[in-house]
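In: quick check, what structure comes out for this input:
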Amino acid sequence: MEVSFASAQLDRLCNNLVTARRKLGEERAKKLQLRLDQISAATHLAELATLPQARCHQLKGDRDEQFSLDLDGPHRLIVEVDHDPVPRTADGGVDREKIERLLVLEIRDTH
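Out: Purely as a prediction, here's the structure:
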């Protein structure tokens, strides 16, 4: 899948291991790099969602086009579908098998 970033600062953090280690710590920086590698290696979102260690799940409400992936502890990588329009299934849900581009929005403690 293609990956882009919501800001230049987030792009630097995600693509520079030294910066990630300094700002996030060794363990979270490693998990971040692993998740980004998994996203890049996946063909579509449905494939990524099969990885149990990533715990990729869709958010709710006005964030239904966003997904959360585990990093460490309560920290998550929040991504958004980067398609316009967002591919939908017949019942209105996001069609994960057609999602090939994600936008990284943030890294945050969701608890």
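
In: what's the weakest-modelled helix or strand in the chain?
Out: Counting by mean pLDDT, DSSP states H and E, the chain has its least confident helix or strand at strand 57-58, which shows a mean of 92.

In: any idea how far the next helix or strand after that strand is from the chain center?
Out: The helix or strand immediately downstream of strand 57-58 is strand 66-70, counting by DSSP states H and E. In terms of C-alpha atoms, centre = their mean, to the nearest Å, the centre of strand 66-70 is set 5 Å apart from its chain centre.

In: mind listing what the next helix or strand after strand 66-70 pairs with, with the direction of each?
Out: Going down the chain from strand 66-70, the next helix or strand is strand 75-81, by DSSP H and E. Sheet pairing of strand 75-81 (DSSP bridges) gives strand 66-70 (antiparallel), strand 101-109 (antiparallel).

In: from the chain's centroid, how far away is the longest one?
Out: This means strand 101-109. With C-alpha atoms, centre = their mean, you get 5 Å for strand 101-109.

In: residues touching that strand, excluding its own?
Out: With contacts defined as C-beta atoms under 8 Å, 6 or more residues apart in numbering, strand 101-109 is touched by 1-6, 10, 13-14, 24, 28, 32, 36, 39, 45, 66-67, 71, 73-83. Bear in mind the C-beta positions are built from the backbone N, C-alpha and C, glycine included.

In: and with 7 Å instead?
Out: Residues from elsewhere that reach strand 101-109, judged by C-beta atoms under 7 Å, 6 or more residues apart in numbering: 1-6, 10, 14, 32, 39, 66, 71, 74-83.

In: and stretch 72-90, by the same measure?
Out: Contacts of stretch 72-90 (C-beta under 7 Å, 6+ apart): 4, 27-28, 31-32, 35, 65-71, 94-95, 98-99, 101-111.
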